[in-house]
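In: my questions concern the predicted model and sequence given below.
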Amino acid sequence: MTSIRPELRFTDIAEERGFYKRFLTLPEKPENIIRIADRGEYYTIVGEDAQFAAQQVYHTSSVLKKANCLSGNENSEPLTYVTMSQQVCLQFLKMCLFEYGYKIEIYDKSWKIIKRASPGNIEQIDDLLSVSIDSSIVLCSLKFQNNLNEGNSTIGCSFVDSSIYKLGMIELLDNEVYSNLESLIIQLGAKECLVPDLRENISQKKELEKITRVIDRCGCVVTFVKPSDFTDKDVDQDIVRLVGDELTLALPKYSKLCLSACNALLIYLNLMGETKNYGKYELIEHSLNQYMKLDASSLRALNIFPQGPSQSIATAGSSNHTKINSVFQLLNKCKTHSGVRLLHEWLKQPLLDLDELNKRHDLVEFLIDQLELRQILRDNYLPHVPDVRRITKKLNMKANLDEVLKLYTFVDKLPMIASTIKEYVADCGTNHTANIILEEWYGPLEKEIEPLSNFKKMVEDTIDLDHYEKYNEAIINCEAEEQLSLCKGKLDQHLAEVEDLHSSVAEDLGTDDKRLKLEKHHLYGWCFRLTRNDAKVLRGKTEHRYYELSTVKAGVYFTTKDLERISKEIEQLEQQYDALQKELVAEVVAVALTYTPVLERISMILANVDVLCSFAHVSSYAPIPYVRPTMLSMTEQDTRKLILQNSRHPVLEVQDDVSFISNDVKMERGTRDFLIITGPNMGGKSTYIRQIGVIVLMAQVGCFVPCDDAQISIMDSILCRVGAGDSQFKGYL
């Protein structure tokens, strides 16, 4: 991150002293909360948090400054502080939330809190987080009940992903080490978990400590909330309001434990406090047994996800430019943000259904065979698929025509994507594969694309697309209102004058129109720019006709009296136009939002295409191409087998400095049920064990595997701990 930092400024010494005195009156906070003061154009962090920020962001304590305005009697040791630009603070926020699992409190200049955020609840700072996150932001809540006579516990769990308006509940019967709870948190990908604060309850304290250890082991943040929030009173009515369907809770399928946990979620997120949430949520079901069970130890031992600093924010195609240290990085050749999130989800939810697995393998095989189609999708279409989830969030927060046009551009390309897929279906070789493609991709796309023609027409009728194409500025079509038409006429006249000035200045300077850039700068308005090398033509002319504005890496910005005058007039006209079109913009955005559910469904279809294209790409371009595994049903107990010929560790074999030796694996029910791996230190025992687990997991998420041949019976769990950590309770020795 850049070391350029803004200066902390005050109007006088009284304001400076008041700023620090108010900070000192703040109540004591836990170590996992970071306090940040918003100073408008920059941010300030004071005290111990400043020391943490200095080390994490600037990697040195030399950036810390002392507040010497307080006397020694008031504060024996001077406070330290550090400042950050908005962009640097954005990176720091992401680091705190998603790498360290810290909570954030943002204050105004008077140290009054204005925003709060936690790993599972980023709603209040969502406008600050300008990038798409690699995984869903899932928040869950737990209420547990100990069954002392039976030696187990019943857990009611509710979970929510407010970015896609999904709400769910599930009840678990768990053992004394809470292995089912651990698998559930892994499957959901929960970032934060609410539990009742029973730390002072002697009878519940021991179980609470065990549960919090399990949650922490999963990389999930524990948040204690008042036990009184866990009540099932009237929560069913709240859920009906959120879902908008009175029949939602007609069947008594949700226990009191689940409903109590759900109530705590609703209070924590204040979902009932805003009517805009009503009718938007979908109540979903999650079954623990529909996916392979993985625990935190398995994820770490198999290196499924990257570990360490700066690894938690993955973007589309980001693995192309970093060293591959995990299965996620290996397989993440996705081109869309939704594809990255779906891959993240699939790796935590390997399939147990043989038919669904075979579908994925059929599609990957089709994409491997159809190289041309794969390249067209990956190069021409998928990179232009926007993050519909994030655009929807932005539209809900603020009316913005630019986001509407992003959706319009997306909708405009959809028919071409569908027709391209259909064109190649005829070449897939088998009717079976063709039917799968029509069922999974083309059919749903065609169904969802049809109603979007009205959205496309609405945008073309209401937004001036010609103006956007010419000036990269989204405005309402002036034909919608007479006042707009008059204002637009004046605006066009002034813009024509600007273009005439561009030509005349280029001629006067003896340079080409293409070399002399005409730009709309965020500070200077309309102005000219020349590269530093081309700016030599300005020498001797800046005193009379041309006025230099600034010199930066991109070149020299300058203007003329006429351009400066016209630019100010254009700014006034644009403000007038914005005021006139404000209501119309709000109407356009409101209509656009009604189409976002359809667009999100299309985005998920294309995310599926993206991930499977990524699997096909990785399988094809591996050092030795991967093969399709033969999957066998879980129900065929007598014929269960795991046979891998010349298997390789997929992550190790792509390292530049490693020459990997392949190994065979053969396990069959009744003949070789169990293997003991022995050998010298550093002889490859752990790698051999890990690669078996990784290959099985890759097969069950739908990818091809690094073997010459593979026959794999579907596994319901992967339990491993490679290393010195033993646990007799969990069978790890």
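Out: On my side now, so go ahead. Numbering: from 1, shown residues only.
In: now do the helices in the stretch 501-650 of the chain.
Out: 561-594, 596-621 (DSSP state H, counting those that start in this stretch).
In: quick one: closest of those to Asn270.
Out: Ranking the helices of the stretch 501-650 of the chain by proximity to Asn270 (C-beta to C-beta) places helix 561-594 first, at 21.0 Å. (Each C-beta comes from the backbone N, C-alpha and C, glycine too.)
In: in TSV: the helices of the stretch 501-650 of the chain, plus distance to Lys233.
Out: TSV is the format used below for the helices of the stretch 501-650 of the chain (distance: least, C-beta to C-beta, whole Å):
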stretch	distance to Lys233
helix 561-594	33
helix 596-621	31
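In: just say which of those helices is most tucked in.
Out: Comparing these by mean neighbour count (mean count of other C-beta atoms under 10 Å), helix 596-621 comes out on top with a mean of 22.
In: quick check: mean pLDDT of that one?
Out: For helix 596-621, mean pLDDT is 95.
In: for that helix, packing partners?
Out: The contact analysis (3 or more C-beta pairs under 8 Å, 6 or more residues apart in numbering; DSSP states H and E) places helix 596-621 against helix 327-331, helix 337-348, helix 354-369, helix 371-376, helix 388-397, helix 401-425, helix 443-449.
In: and the angle from that helix to helix 388-397?
Out: Counting by axes from the mean of the first three to the mean of the last three C-alpha atoms, to 10 degrees, helix 596-621 points 150 degrees away from the direction of helix 388-397.
In: any idea how far helix 596-621 is from the chain center?
Out: With C-alpha atoms, centre = their mean, to the nearest Å as the basis, helix 596-621 stands 15 Å off its chain's centre.
In: stretch 214-225 too?
Out: Worked out by C-alpha atoms, centre = their mean, stretch 214-225 lies 20 Å from the chain centre.
In: so which of the helices and strands packed on helix 596-621 is nearest Ile33?
Out: Closest of the helices and strands packed on helix 596-621 to Ile33 is helix 388-397, at 24.6 Å (criterion: C-beta to C-beta).
In: for the closest one, give the mean pLDDT please.
Out: 86.
In: number the residues from 30 up from this point.
Out: Yes, from this point I'll number from 30; that puts the last item at helix 417-426.
In: buried stuff in that helix?
Out: Of all the residues in helix 417-426, those buried under the rule 16 or more other C-beta atoms under 10 Å are Val417, Arg418, Arg419, Ile420, Thr421, Lys422, Lys423, Leu424.
In: where does the residue nearest to Val224 when sequence neighbours are not counted fall, phi/psi-wise?
Out: Using C-beta to C-beta, 6 or more residues apart in numbering and skipping the chain neighbours, the partner closest in space to Val224 is Leu171 (5.3 Å). The phi/psi pair for Leu171 (degrees, to the nearest 10) reads phi -130, psi 140.
In: helix, strand, or coil at Ile705?
Out: Secondary structure, DSSP: H, G, I helix; E, B strand; the rest coil: Ile705 is coil.
In: please parse this protein into its domains.
Out: 42-146, 167-319, 507-623, 659-747 (automatic domain parsing).
In: ok, which of these comes nearest Val393?
Out: Distance to Val393, taken as C-beta to C-beta, is lowest for domain 659-747 among those, at 6.1 Å.
In: and that closest one, end to end?
Out: End-to-end distance of domain 659-747: 19 Å, with C-alpha to C-alpha, to the nearest Å as the criterion.
In: by mean pLDDT, show me the worst of the helices and strands packed on helix 625-650.
Out: helix 417-426 (a mean of 86).
In: for that helix, enumerate the helices and strands it packs against.
Out: helix 366-377, helix 430-454, helix 590-623, helix 625-650.
In: list the contacts of it.
Out: Residues from elsewhere that reach helix 417-426 (C-beta atoms under 8 Å, 6 or more residues apart in numbering): 155-156, 161, 192-193, 305, 366-367, 429, 432-433, 435-436, 439, 618, 621-622, 625, 628-629, 631-632.
In: return the alpha-carbon coordinates of it using CSV.
Out: Below are the C-alpha coordinates for helix 417-426, written out as CSV (Å, rounded to 0.1, in the frame of the first residue of the first chain):
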residue,chain,number,x,y,z
VAL,A,417,-25.4,-8.4,-10.4
ARG,A,418,-25.6,-9.0,-6.7
ARG,A,419,-23.4,-5.9,-6.1
ILE,A,420,-25.2,-3.8,-8.6
THR,A,421,-28.5,-4.6,-7.0
LYS,A,422,-27.0,-3.5,-3.6
LYS,A,423,-25.9,-0.2,-5.1
LEU,A,424,-29.3,0.5,-6.8
ASN,A,425,-31.0,-0.2,-3.5
MET,A,426,-28.8,2.4,-1.7
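In: for Gln512, give me its contacts.
Out: Gln512 makes contact with Leu609, according to C-beta under 8 Å, 6+ apart.
In: count the residues that sit near Gly41.
Out: Careful, residue 41 is Asp; it's not Gly. Asp41: 8 surrounding residues under other C-beta atoms under 10 Å.
In: what do you get for Asp745?
Out: Neighbour tally, Asp745, other C-beta under 10 Å: 12.
In: surely it touches Asp382?
Out: No. Contact criterion C-beta atoms under 8 Å: Asp745 and Asp382 do not qualify, at 11.7 Å.
In: pick the one among the buried residues of helix 417-426 closest to Val356.
Out: Using C-beta to C-beta, those come closest to Val356 at Arg418, 24.2 Å.
In: and that closest one, how far from Tyr307?
Out: Per C-beta to C-beta, to the nearest Å, Arg418 is found 20 Å from Tyr307.
In: and the closest residue to Tyr307 other than its chain neighbours, which of the three is it?
Out: Here the nearest residue to Tyr307 in space, its sequence neighbours aside, is Arg270; by C-beta to C-beta, 6+ apart that works out to 5.1 Å. Secondary structure for Arg270, judged by three-state DSSP, is helix.
In: buried residues, stretch 540-550. List them.
Out: Residues Leu545, Lys546, Leu547 are the ones in stretch 540-550 that count as buried (16+ other C-beta under 10 Å).
In: pLDDT of it, averaged?
Out: Mean per-residue pLDDT for stretch 540-550: 89.
In: can you give me the end-to-end span of it?
Out: Start-to-end, stretch 540-550 (C-alpha to C-alpha) is 21 Å.
In: check contacts around Asp261.
Out: Lys285, Leu288, Ser289, Asn292.
In: list the contacts of whatever helix or strand the third one lives in.
Out: According to DSSP states H and E, Ser289 maps onto helix 285-298. In this structure, residues lying in contact with helix 285-298 by C-beta under 8 Å, 6+ apart are 150, 152, 168-174, 183-189, 191, 196, 198-200, 223, 225, 252, 254, 258-262, 264-265, 267-268, 271, 283, 300-301.
In: how far away is Cys470 from Asp591?
Out: Cys isn't right for residue 470; it's Trp. Taking C-beta to C-beta, one finds Trp470 at 56 Å from Asp591.
In: quick one on the thing from earlier: can you add distance to Cys642 and give the domains of the chain back as JSON lines?
Out: JSON lines is the format used below for the domains of the chain (distance: least, C-beta to C-beta, whole Å):
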{"stretch": "domain 42-146", "distance to Cys642": "26"}
{"stretch": "domain 167-319", "distance to Cys642": "22"}
{"stretch": "domain 507-623", "distance to Cys642": "28"}
{"stretch": "domain 659-747", "distance to Cys642": "12"}
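In: how close does Phe587 sit to Glu528?
Out: 17 Å.
In: shaky segments in this protein?
Out: 30-33, 98-105, 159-164, 177, 275-281, 337-351, 456-459, 571-572, 750-762 (pLDDT under 70).
In: what do you get if the cut-off is 50, keeping everything else the same?
Out: Residue ranges of the chain with pLDDT under 50: 30-32, 102, 104, 280, 339-342, 753-755, 757-758, 760-762.
In: surely Val647 is in contact with Leu360?
Out: Yes. At 5.7 Å, Val647 counts as touching Leu360 under the criterion of C-beta under 8 Å.
In: need the residues touching each of those two.
Out: Contacts common to Val647 and Leu360, judged by C-beta under 8 Å, 6+ apart, are Cys732.
In: no more questions from me, cheers.
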